[in-house]
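Undergrad: curious how this folds, go ahead:
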Amino acid sequence: MANLKAVERQGKSKRSELNELRNTGKIPAVIYGFGAANTAVHVDAAEFTKVMREVGRNGVIELGLDAGSTKVMVSDYQVDPIKNQVTHIDFLAINMKAELTVDVTVTLTGEAKGAEEGGVVQQPLFTLSVTATPDEIPETIEVDVTELNIGDSIAVGDLRGNKNYTINNEDDEAIVSVVPPTVVEEPEEDEEAAEGEEAEGTEGEETAEGEETAEGEETDASEEKAE
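TA: Here you go, the predicted model:
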């Protein structure tokens, strides 16, 4: 759990005031949820980035205010795509004893044996739906692919076990698999087209021979008349 300082904002801020906060390295935010009235605050942008790197997307944060501190998670946030900056944060106040359902990122580890033989590692599932108390939600779920050969796969059911959280996905959902390499076949020549071209060539030769014969006969006839 990481600590983050927040400063309460009084009243409803105007757009110009929010932009001024952002220009001074602050991020407007709001706190709501368990045991908390909707409260407008702002936090330091650099500190928020540091905390997120420390606890991850689903981590618990001890958010400090002058009136006391509260445990929160980041419910949502908006990003300016041009400046690549967080422009607003929704902090969800949580009950540490109540379970939550969140999406957790799947991270592949190791080098699959099948990949060394030319196989291709495919990952159709990048997140898993997980239910747990806030302090038991994993930052990421690691899946070791080292022993996977070509044709092998790992499904959600393979991850079941003695864990402090519940995976809500179906057992038969594939997380990762190693498939054979794609073989590009050379296009075969169309036999019918080849035969057609050959036939056209033969007809051309026969026509040329016919023209030569006809020319020869006309020449002979002219010579006989001359005699």
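
Undergrad: would you list the phi and psi of the residue nearest to Met1 when sequence neighbours are not counted?
TA: The shortest distance from Met1 to any non-neighbouring residue, by Cβ to Cβ, 6 or more residues apart in numbering, is to Val60 (5.0 Å). C-beta here means a position set from N, CA and C on the backbone, and glycine is covered the same way. Backbone geometry at Val60, expressed as degrees, to the nearest 10, gives phi -90, psi 130.

Undergrad: how close does Val60 get to Val79?
TA: 22 Å (Cβ to Cβ, to the nearest Å).

Undergrad: the more surrounded of these two?
TA: Using other Cβ atoms under 10 Å, the more surrounded residue of Val60 and Val79 is Val60, with 19 against 11.

Undergrad: what sits against the more buried one?
TA: 1, 71-73, 94, 96, 134-135 (Cβ atoms under 8 Å, 6 or more residues apart in numbering).

Undergrad: coming back round to it: next one: the residue nearest to Met1 from Glu99, what distance?
TA: 13 Å.

Undergrad: what segments of this protein are strands?
TA: Taking DSSP state E, the strands of the chain run over residues 2-8, 26-33, 36-44, 61-65, 68-80, 85-93, 100-109, 120-122, 127-132, 140-144, 153-155, 166-167, 174-179.

Undergrad: closest to Met52 out of the ones you listed?
TA: Taking Cβ to Cβ, strand 68-80 is the member of the strands of the chain nearest to Met52, at 7.3 Å.

Undergrad: who touches that closest one?
TA: Residues outside strand 68-80 that contact it (Cβ under 8 Å, 6+ apart): 1, 3, 31, 33, 35-36, 52, 57-63, 85-94, 96, 100, 134.

Undergrad: name every strand pairing with that strand and say which way it goes.
TA: Strand 68-80 has its sheet partners listed here by DSSP bridges as strand 61-65 (antiparallel), strand 85-93 (antiparallel).
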